[in-house]
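Engineer: Fold the following and give me the result.
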Amino acid sequence: MFAASVRLGPPDKQFGKETNMSRHQFCIVWKISVALLAALLSGGPLAVAQTEGTLHNFGSGTDGNTLYGGVTSDASGNLYGTTFNGGAHANGGTYGAGTVFELSPQANGSWSETILHSFGQTGDGTGPASGLVFDAAGNLYGTTEYGGGSTGCQGGCGIVYQLRPPAVKGGAWTESVLYRFEEQYRGDNPLGGVILDSAGNVYGTTVFGGGDDTGTVFELSPKKGEWSLRILYSFGSATSDGKYPYTSLTMDSSGNLYSTTSQGGAYNMGTVFELSLQPSGAWQETILHNFNPSSGDGSDPIAPLVLANGNLYGATTQGGAHNLGTIFEMKPAQAGTWTESVLYSFGASSSDGSDPWGGLVIDAAGDIFGLTNLGGGYQEGTAFKLSASNGAWSQHVLHSFGHGTDGKFPAGGLVLTPAGNIYGACIQGGVYYTVEDKGGTVFELRTK
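Structural biologist: Below is the predicted model of the structure:
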């Protein structure tokens, strides 16, 4: 069966029972199976725009495969990302524990891949599901969902890591584990990536852990060569609080932190929250929005927020007018309150995208670019553009994924260049895609 292509993982802590996969992976299995059925019933795929190209096909040999985190870039235009599976080290089976990779453009127009790190050695993390972020010195930071050596979680509780570039050209990158999650009250299973402030502190979220085992926001601070963890907030302690933050944080110029929880809130459909530092040194949570799909709102947000011109933009994987996800905007109002508006509800046509959980990027004109994990002409995801005119937003499908050896199920962070080129990643697909889950691509989409 098609669903068997998705790697099975440790038990699902969130549901409190022994299953063969995490909630994250279970959702992938279910959604991909539904997508396959929809494609078979649709009577055939639609035409695909000729503006998209595959830069690298993952899954050959000890290459990584299965890309959840998307890509980021450096000043030279090289692309960096992670693979959840694959690499040189096994992870209790044949899948491999994941990799960090670099793609570099060549003079002949091709792209060359270099594996910077293969996860899975003793004490190392396994299963990186998030993207990467650079610091000013060119170091890369990220998280793994599992691994680290802790016995407190099946498969390990995850790590935060740093990769330092080589001192000489052509040398090896060096990994340092900044923190191994080991105890519930300190958080476990970081699924989203991390961000850094100007002082070099690292901020992130864990899906589980904390006082109620429903997730945390943490800070890692460098002190005399060691990294010290501080839990800034534990979810679930207050009535109608959010639960299970799946994604990374966004920081404004004042140092306030913003993100979403995938569940919890007044309607148990997720929240948008803010954490602000108080004079006492404590961090205070404010719920800015409770998602309520019964009123046409979205639900189940798992994509990171984007801050632009003082407003927040994000996506929900479900809810909206067709219950296939939304793009929303949060605007600050009076007395510290925020107002949410649904800019677009997916599923308006048979070729529209659905289930958006990739990152968004916004260009200088205010247009929003993003990915849907499902839908489109082949029911295997889209790249889209949202544009505003006279206060109304319209959507244009830039590319439908899944034709032939194209990538399938795009997700994660995007890179948008000034020339209008978009770079991103697909979880599966490509020339090495098989039922053993060998697959995934990094793509380029030219929008101009």
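Engineer: residues near residue 439, how many?
Structural biologist: Applying other CB atoms under 10 Å, we find 28 residues neighbouring residue 439. In short, each C-beta sits where N, CA and C put it, glycine included.
Engineer: The most centrally placed residue in the chain pairs with what?
Structural biologist: Nearest to the geometric centre of the chain sits residue 412, at 4.2 Å (CA atoms, centre = their mean). Beta-bridge partners recorded for residue 412 (DSSP bridges): residue 358.
Engineer: my read: it touches residue 425, true?
Structural biologist: Yes - at 5.4 Å, residue 412 and residue 425 qualify as touching, with contact defined as CB atoms under 8 Å.
Engineer: which ones are touching the nearest residue to residue 294 once chain neighbours are set aside?
Structural biologist: In space, not counting the residues next to it along the chain, residue 294 is nearest to residue 267; the distance is 7.5 Å by CB to CB, 6 or more residues apart in numbering. Contact analysis of residue 267 by CB atoms under 8 Å, 6 or more residues apart in numbering lists 290-294, 299.
Engineer: In three-state terms, label residue 267 for me.
Structural biologist: Following DSSP: H, G, I helix; E, B strand; the rest coil, residue 267 is assigned to coil.
Engineer: Can you verify residue 185 is assigned to a helix?
Structural biologist: Yes - counting by three-state DSSP, residue 185 is part of a helix.
Engineer: Roughly how far does it sit from residue 173?
Structural biologist: Distance from residue 185 to residue 173, counting by CB to CB, to the nearest Å: 33 Å.
Engineer: Mind checking which of those two has more residues around it?
Structural biologist: Between residue 185 and residue 173, counting by other CB under 10 Å, residue 173 is the more crowded of the two (17 against 12).
Engineer: Just the mean pLDDT for stretch 77-95, thanks.
Structural biologist: Confidence for stretch 77-95, expressed as mean pLDDT, is 87.
Engineer: okay, residue 308: pLDDT?
Structural biologist: 96.
Engineer: Over to the one 3 residues further on?
Structural biologist: Each residue has a pLDDT score; the one for residue 311 is 97.
Engineer: Contact partners for it?
Structural biologist: 329-332.
Engineer: rerun at 6 Å
Structural biologist: Counting by CB atoms under 6 Å, 6 or more residues apart in numbering, residue 311 makes contact with 329, 331.
Engineer: Could you do residue 145 as well?
Structural biologist: Residue 145 neighbours (CB under 6 Å, 6+ apart): 127, 129, 158, 189, 191.
Engineer: For residue 159, see how far away it is.
Structural biologist: For residue 145, the distance to residue 159 equals 9 Å [CB to CB].
Engineer: One more: residue 341?
Structural biologist: Counting by CB to CB - residue 341 and residue 159 are separated by 38 Å.
Engineer: do the same with residue 421
Structural biologist: Plainly put, residue 421 is 33 Å away from residue 159 if you go by CB to CB.
Engineer: who's more crowded, those two?
Structural biologist: Neighbours per residue, other CB under 10 Å: of residue 421 and residue 159, the larger number sits with residue 159, 27 against 15.
Engineer: who does the nearest residue in space to the more buried one that is not next to it in sequence bridge with?
Structural biologist: Closest residue to residue 159 apart from its sequence neighbours, by CB to CB, 6+ apart: residue 125 at 3.8 Å. Beta bridges link residue 125 to residue 147, judged by DSSP bridges.
Engineer: which residues touch residue 125?
Structural biologist: Residues in contact with residue 125 (CB under 6 Å, 6+ apart) are 119, 144, 147-148, 159.
Engineer: how close does it get to residue 275?
Structural biologist: 25 Å.
Engineer: likewise residue 187?
Structural biologist: In terms of CB to CB, residue 187 sits 14 Å off from residue 275.
Engineer: if you count what's nearby, which of those two comes out ahead?
Structural biologist: Between residue 187 and residue 275, residue 187 has the larger neighbour count (other CB under 10 Å), namely 27 against 19.
Engineer: how about the more buried one, what does it touch?
Structural biologist: 181, 206, 209-210, 216, 218.
Engineer: Same question for residue 349.
Structural biologist: Neighbours of residue 349 in contact, by CB under 6 Å, 6+ apart: none.
Engineer: would you list every one of the helices in this structure?
Structural biologist: Ranges of helices in the chain, per DSSP state H, are 23-41.
Engineer: Can you list the buried residues in stretch 206-217?
Structural biologist: For stretch 206-217, the neighbour count (16 or more other CB atoms under 10 Å) marks 206-210, 212-217 as buried.
Engineer: May I have the distance across it, first residue to last?
Structural biologist: End-to-end distance of stretch 206-217 (CA to CA, to the nearest Å): 7 Å.
Engineer: just how off-centre is it within its chain?
Structural biologist: Centroid separation for stretch 206-217 versus its chain: 18 Å, with CA atoms, centre = their mean, to the nearest Å.
Engineer: Okay then, goodbye and thanks.
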